[in-house]
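> Sequence first, then the predicted structure, then my questions.
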Amino acid sequence: MSVTIGLLLALSFLVSLLALAFLIWAVTNRQLQLHQGQAYTVFTPGEAGTPDDATLPGDDAQSVGPHHYDAEREGIDAVSRRPVMILIGSGIAWLAIGSIFGLMASLKLHWPDWLTDVAPLTFGRVRTLHLNLVIYGWLSMTGIGVALWIAPRIFHTALRHPRLPVIGAVLWNIAVACGALAIASGWTDGEEWLEIPWQIDGLLALAGAFFVWPLLHTALRRNVDHIYVTGWYYLGALCWFPVLFFIANLPGIHSGVQEATVNWWFAHNVLGLWLTPLGVGAAYYFIPKIIGKPIYSYSLSLLGFWALALFYSQVGIHHLIGGPVPTWVVTLSIVHSVMMFVPVIAVAINQHVTVARNLWAFKASIPLRFVSLGALMYTLASFQGSIEALRAVNTVTHFTQYTVGHAHLGAYGFVSFVLFGAVYHMGPRLTGRQWPAPALIAVHFWLVVVGFAIYFFALTIGGVLQGLAMLDATRPFADSVTVLAPYLEARSVGGALMTLGHLIFAGHFVALLAQGRAPHATTAPTDTVPATQA
Amino acid sequence: MIRRKRTQAAPPDGPEETFEPYEEFRRIPLPVYWIAIALAIWGAVTLWDNAQAVGVGRQERAEQIEETPAAALNSGAQIFEARCSTCHQPNAVGVRSAIPPLAGSRFVAADPAVVVQILLHGIDGPIDVGGRTFDAHMPSFASVLSDAELARVATHVRQTWGGDRQEITAAFVRVQRARFAGRGAWRGGEELARVVDPALGPQPSAGPAVISAFADPAVLRLVNQGRGEAWACSSCHGAAGQGGANIPRLAGLPEGYIVKQLQDYVTGRRRNESMQTVAGALTDAERRGLARYYSGLRAPSTAKPELGGDVSRGEQLALYGDWSRNLPACFSCHGPSGFGVAPGFPSLAAQHPAYTASQLAAWVGGGRNNSDVQLMNEVARNLSDADRRAVADYLATLPPVPAVTQERR
Amino acid sequence: MNRVIPLGILALAILAFATLMLVILPGIQIRTEAPTPGLRPYSEAELRGRAVYVSEGCVYCHSQQPRSLDQAPDGERGWGRASVASDYFYDQPHQLGTMRTGPDLQNVGARLPSEAWHMTHLYQPRALYDWSVMPAYPYLFEVKDKAAPGDVVVALPERYAPEGKVVVAKPRARDLVAYLRSLDRTFPAPPTAVRDDGYSEQGEPR
């Protein structure tokens, strides 16, 4: 057996490496490149009737260049407005609820006798509610909402079947709510990231189809030949997540340790092949969009995307290092985790160089600040993840709060920050109204930045101390609990600031909606600066 | 700030909103290639390296599975040296008035069943060897040696000092094991002569049974049912006080030692929250009663090496210490074969490795700080991680404490 | 990069390859393992208790996978030998866990076999460990004036005992404790058993 396995292992890594080498070769030799100039078939403004933006000022010839296209005047935003608003609104609502549960779970770790009288509020369930609400409620719904808004814009065509995502959003909300009730009542599938009972997962899958088909159809019917990099990530995510979700939730066929490998293959791919593409895709759109300057390098975009697909898909078993799973599959995941440096560096150069060359925009625009800080967190979270997968490091950090800090660096620092920025950018364009209290955007920003900094550093330092205590045979287990205690309290402080920021965010969004939709949606954006200022 | 931005944004070049994100054409920076190549090489090396580890892991598990590491000692002579010579002496002459000699002993020369039965059950009572009466406390090896090992060592003893060339087989030992399965130690030479082989001749008879003194019904209630938060002792330490995992074996520990530990749990000189709760709920008299009960209890060993320690290193430390690291031999204080020395030195033999190792670690970390003149703190600090596990595993291979010590009678 | 279908197919092919490596092949290898000799299926009560363990979310603080002594001193703490794939033969859903806010429970039945201890600890962990951050589970118990025959009465230090009343375990608590006490995989693992041996190569054991 061991010979065959060793062979497989070598083979698998070889395949990934060959694919990477081929990719680099192809990119270097321009095998994959197109002439982008001709790829951009751009509508002439006014060609398609867009009644909502008649009041727009001066649409002159400059807006018709190869890299100019007015989505609003094409009426594209108007079509996707409804589903996008519903998805984003729902996502923000789940964020508010989910972060309150998160704060409760955090507090319970140092007030263990708080709210213990009823089962739904026990730590094990509150923590699970937090995770599922923010993953399936906030991140997924908002991420899809942003995708539904961006995709038609980069495809230069209106969203197909705009009613379907509305139905999907309703079903998805029902599924998330049912899942939350199930978990609160103790009905769970019992695996991390897969707690929602499979019966309810069916509803989620159905709802998902209502998002996938319109997006796919829009992509197929696009009015531009080239697919912008954001589109690759979205299309990839749309292919990957349904497969992941379906296989991992199949009832009755997984058991024992085999189930654990499926569990972590799924859980890590939810991050790598679902939330990461949603976040990176959005960042790839908003960073150049807000700055008004192109992304640094097309070659790096290609390398970043395909290397992510190749390597991220195989990193999941690093959650079981030192566990009862075959050595070869653990090692495979470790090696691929470290190889993740390649796509991350590619994306990092691409996005950060673009921002770094336009720091004035970073200072001026809070949405851009959210997005590009989120992109920076992606780089950091990925580097941290690669290093965390090394056996020597994992020995210390595994089983500790360090991992929780890392997970939040990815899902919060990266994806949530990008989505915050996206919502702030999109809000005025969706409603035609300004944010009612722009100062609150800055308040939100500083609350979550400071809160998250406290959160992250508390768990990172506390987690290392916890891990070192656990590795020292001469210290009783109690030491690992007591040494961590002050850091858990600090984490609650950070978490409380973050939650406060979210409540302000949610309130602000409600206030934006309360103004009603402007009679004529205008473009007047709060955060954009013309390219010429650079 | 935001509003100011908006005024600035009055666009001379048309609204920014029409800008379409795109990517410039630029080569992949050279360092990215280098990094990718370096990582790929590292990955290949790691894969190769880890593939080797599987073999090591298998070997470690294989070592755990062997019945006892002593099984590696092939010959009866080697088993004798490891297991018997600490008391009976390497040349089997015994110790005057304490340990009977084997050379020339009638017990060795008698029917092969006698030696085997003594090895299987031990002796707890007076025997007559060569005209001298010994108060014998021979441990039972039934739980620590396999049939084949017992057969080899019995053959060696009988061939060397009994003058009988006949080979004792493992099958013979198996039959003998089944013959009196479940019984305790032989109560002296008289019982052996009566039950096993009359050829042993006249033997002194054992005194009256001494168990009754320990069987105070109130104590038994504590042991078996508990009282309030003094949960039943046996619910963790087992029906025979045999312990398990990191729960210590209590059977045969010196009475004074047990009383002291229970007191130290309460004062916190020895840290264990569960035992603090239990001991705090007991009266002084109950602690003494329980100590008396457990010190008189005998149970077969249920311990086996489980920490992957180097057993021969452990044996070295237990028998001789390691003066290069300022480590005295365990047995220099805890008695030959680690049977303990009342009242202060607990028996170590047949103790569970996780318990022994965790206690040694606790001496270092300060979780346990209750030995006279800090003796054990000092010893434990000089033991490495691997040494703690080695000595713990070795002690688990030893036969359990043979009998109640003289003072208790 | 301007066609949807090839992009989707390639993306899915990569995922299929990853699924083969991370799900199918390990699955085949693990499924060929017979249960570790000495492992027995759970009883009815233990299975009910396991369901309680799952629904209360114990796994979020307690792992069930001791590490090897080459890596960490889990064994010295009495948590048992390094676990192998075949130890989990009867586990569904798996409860391996990835967090040790509390200790590993793979062999808690060997380490803490007392039912009465578990009852006290579940009702109020801080009755035993003042530093513990484990939630109390009062809702798995009921407070009665007087215990009925057959009731499991929880032994409590005065501080935590309700005055003049007794605390009695509900069936869910009894099942949970039955499950916890069944967690004992201290029997040896076969040499060929499957686990991550990646830390074994360090030669001398730690």
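Good, I have the coordinates.
> what ranges of chain C fall below the confidence cut-off?
Along chain C, the model assigns pLDDT under 70 to residues C:1, C:201-206.
> By proximity to chain A, which residue of it wins?
Here chain C gets closest to chain A at one residue, C:G57, 2.0 Å apart by CB to the nearest CB. The C-beta positions use only the backbone N, C-alpha and C, and glycine is treated the same way.
> what about that residue, neighbour count?
24 (other CB atoms under 10 Å in any protein chain shown).
> Hmm, it is touching A:P120, no?
No: the pair C:G57 and A:P120 does not pass the contact test of CB atoms under 8 Å, sitting 11.1 Å apart.
> which secondary element of the chain has the worst mean pLDDT?
The chain I'm using is chain A. Across the helices and strands of chain A, mean pLDDT, DSSP states H and E gives its lowest value to helix A:36-39, namely a mean of 37.
> Next SSE downstream of it?
Following helix A:36-39 in sequence order, the next helix or strand is helix A:76-108 (DSSP states H and E).
> hang on, the earlier thing: what's the distance between the residue of chain C closest to chain A and chain B?
Distance, C:G57 to chain B, using CB to the nearest CB, to the nearest Å: 24 Å.
> Which residue is the nearest non-sequential neighbour of that residue?
A:G124 (2.0 Å; CB to CB, 6 or more residues apart in numbering or on different chains).
> Now do the same contact list for A:T230.
A:I150, A:A151, A:I154, A:G281, A:A282, A:Y284, A:Y285, B:P21 (CB atoms under 8 Å, 6 or more residues apart in numbering or on different chains).
> Which strands or helices does the helix or strand harbouring B:L120 pack on?
Here B:L120 sits within helix B:112-121, counting by DSSP H and E. The contact analysis (3 or more CB pairs under 8 Å, 6 or more residues apart in numbering or on different chains; DSSP states H and E) places helix B:112-121 against helix B:106-109, helix B:147-157, helix B:170-179, helix B:189-195.
> follow-up on the earlier one: thought the residue nearest to C:G57 was touching C:E56?
Yes: counting by CB under 8 Å, C:E56 is a contact partner of A:G124 at 4.9 Å.
> Just give me how far stretch A:70-77 sits from the chain centre.
26 Å (CA atoms, centre = their mean, to the nearest Å).
> touching chain B at all, that stretch?
Yes: applying CB under 8 Å from any CB of the partner chain, one finds stretch A:70-77 touching chain B at A:D70, A:A71, A:E72.
> Can you tell me the number of residues neighbouring the nearest residue to the first one once chain neighbours are set aside?
When the adjacent residues along the chain are set aside, A:D70 lies closest to B:T18, with 4.2 Å between them (CB to CB, 6+ apart). By the measure other CB under 10 Å, the count of residues near B:T18 is 25.
> For the stretch 1-150 of chain B, which residue gets nearest to chain C?
Closest point on the stretch 1-150 of chain B to chain C, by CB to the nearest CB, is B:G57, at 2.8 Å.
> That residue: what's it in contact with?
A:T327, C:S68, C:R195, C:D197, C:S200.
> State whether it is indeed within a helix.
Yes: when DSSP: H, G, I helix; E, B strand; the rest coil is applied, B:G57 is found to be in a helix.
> about what we covered before: give the PyMOL command for selecting the buried subset of the contacts of B:G57.
In PyMOL, a selection of the buried entries from the contacts of B:G57 looks like this (16 or more other CB atoms under 10 Å in any protein chain shown):
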select buried, (chain A and resi 327) or (chain C and resi 68+195+197+200)
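> Got the phi and psi for the residue nearest the centre of chain C?
Centroid-nearest residue in chain C, with CA atoms, centre = their mean: C:Q64, separated by 4.1 Å. Phi and psi for C:Q64, reported as degrees, to the nearest 10, are phi -130, psi 60.
> Okay then, goodbye and thanks.
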